[in-house]
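Trainee: return a 3D structure for these sequence lines:
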Amino acid sequence: MNRLVLPALALSVLALPILPLAAQHAGHAGHQAGDPLAAAVAAPTRTPANVARDKYRHPVETLKFFGVAPGQTVVEYSPAGGWYTEILAPLLKGNGTFYAAQAPGRGFDGLKAKLDSDPATYGDVKLVPWTLRLTSIPAGSVDTLVTFRNVHNMVMGGTEAATFKAFFDVLKPGGTLGVVDHRLPEGRDSALEKSSGYLKVSTIRRIAETAGFQYVGASEVNANPKDTADWEKGVWTLPPTLRNGEVDKDKYLAIGESDRMTLKFRKPN
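Mentor: Numbers count the residues shown, from 1 in each chain. Just a heads-up that it's a prediction; the model follows:
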């Protein structure tokens, strides 16, 4: 269950249980009756390797916290390999509109190939090229825009202000922006945000609020207190990248994927 932390409260850290894959499937099956989101997470069309990462990414709880639901117009910014696309596509198929917004290039081509490979599942997905002058998604038409582990790339590339402005423009008044990213402790040197893959909560809040968003709150559902966020090779030291290869691999696998902030913002009415 998500914990909503209002802006005046400090973020707490929860130790989250790590379940074997069979238990995850059983849990999904046990909760999907009458729950479209749980049913989408349990969809047999999902890639088994992606299902195995549910224990780190908590898709049901994360998407519920952001308020994603059938009937909405939803944008996923930079889906890359389509981990969340595998869930959002069946959730919104025939009841809603789903845009997968990806920058032109190899990532776009790879995602297109994935969507084209299964038209029964992905035929309704609107794959659109995302640029900083995006025009293919109508302004003020989107209920919820979500982005997962992408803001650190914007910060490293210096595109965060323009990208968040574009987020603001496509959302309806009252629409939701949901952000998940790797969390850097507030006391660390901010220079690390340009190289480590980790960002401070305060940094993302500043970016979003400068673009005009109101901060709604945070969930600790994707927290991982085992991650010290001080790795020589940045967040990519941890799974799934495991940049050190076989060196200390068991250690990093035991830590799991990164400690992540899960932040919710709102475009004012």
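Trainee: verify the assumption that Asn224 is located in a helix.
Mentor: No: going by DSSP: H, G, I helix; E, B strand; the rest coil, the assignment for Asn224 is coil, not a helix.
Trainee: okay, strands next: where are they in this structure?
Mentor: 73-77, 97-102, 126-129, 142-148, 171-182, 214-219, 260-266 (DSSP state E).
Trainee: output those as CSV; include the columns mean neighbour count.
Mentor: Where C-beta positions appear, they are placed from N, C-alpha and C, glycine not excepted. Below are those laid out as CSV (neighbours: other Cβ atoms under 10 Å):
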stretch, mean neighbour count
strand 73-77, 25
strand 97-102, 23
strand 126-129, 15
strand 142-148, 23
strand 171-182, 22
strand 214-219, 20
strand 260-266, 24
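Trainee: out of these, nearest to Pro48?
Mentor: strand 142-148 (19.5 Å; Cβ to Cβ).
Trainee: strand partners (parallel or antiparallel) of that closest one?
Mentor: Here strand 142-148 has these sheet partners by DSSP bridges: strand 73-77 (parallel), strand 171-182 (parallel).
Trainee: report the angle between it and strand 260-266.
Mentor: 160 degrees (axes from the mean of the first three to the mean of the last three Cα atoms, to 10 degrees).
Trainee: quick check: mean pLDDT of strand 142-148?
Mentor: Across strand 142-148, the average pLDDT comes to 98.
Trainee: now swap in stretch 98-116 and tell me
Mentor: Averaging pLDDT along stretch 98-116 yields 97.
Trainee: endpoints of that stretch, how far apart?
Mentor: 15 Å (Cα to Cα, to the nearest Å).
Trainee: and that stretch, what's buried?
Mentor: Phe98, Tyr99, Ala100, Ala101, Gln102, Phe108, Leu111, Lys114, Leu115 (16 or more other Cβ atoms under 10 Å).
Trainee: how about stretch 185-194?
Mentor: Neighbour count says stretch 185-194 has Leu192, Glu193 buried, by 16+ other Cβ under 10 Å.
Trainee: my read is that Val125 contacts Gln102, right?
Mentor: No: taking contacts as Cβ atoms under 8 Å, Val125 lies outside contact range of Gln102: 11.0 Å.
Trainee: what is in contact with the two at once?
Mentor: In terms of Cβ atoms under 8 Å, 6 or more residues apart in numbering, Val125 and Gln102 are not both contacted by any residue.
Trainee: how about CSV for the strands of the chain, with distance to Arg57 added?
Mentor: Listed next are the strands of the chain as CSV, based on distance: least, Cβ to Cβ, whole Å:
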stretch, distance to Arg57
strand 73-77, 14
strand 97-102, 17
strand 126-129, 22
strand 142-148, 8
strand 171-182, 8
strand 214-219, 13
strand 260-266, 8
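Trainee: still on that earlier bit, between the buried residues of stretch 98-116, which is nearest Trp130?
Mentor: Scanning the buried residues of stretch 98-116 for proximity to Trp130, where the rule is Cβ to Cβ, the winner is Ala101, at 4.0 Å.
Trainee: need the helices for the stretch 1-150 of the chain, in chain order.
Mentor: 21-31, 36-41, 48-51, 54-57, 59-66, 85-92, 106-116, 119-122 (DSSP state H, counting those that start in this stretch).
Trainee: out of those helices, which is the most enclosed?
Mentor: helix 85-92 (a mean of 24; mean count of other Cβ atoms under 10 Å).
Trainee: and it, average pLDDT?
Mentor: Mean predicted confidence for helix 85-92 is 98.
Trainee: which elements pack onto that helix?
Mentor: helix 36-41, helix 59-66, strand 73-77, strand 97-102, helix 106-116, helix 119-122 (3 or more Cβ pairs under 8 Å, 6 or more residues apart in numbering; DSSP states H and E).
Trainee: closest to Trp231 out of the strands of the chain?
Mentor: If you check each of the strands of the chain against Trp231 by Cβ to Cβ, strand 171-182 wins as the nearest, at 10.7 Å.
Trainee: got the angle for that closest one vs helix 59-66?
Mentor: Going by the same axes, to 10 degrees, strand 171-182 makes 140 degrees with helix 59-66.
Trainee: how far is strand 171-182 from where the chain is centred?
Mentor: 10 Å (Cα atoms, centre = their mean, to the nearest Å).
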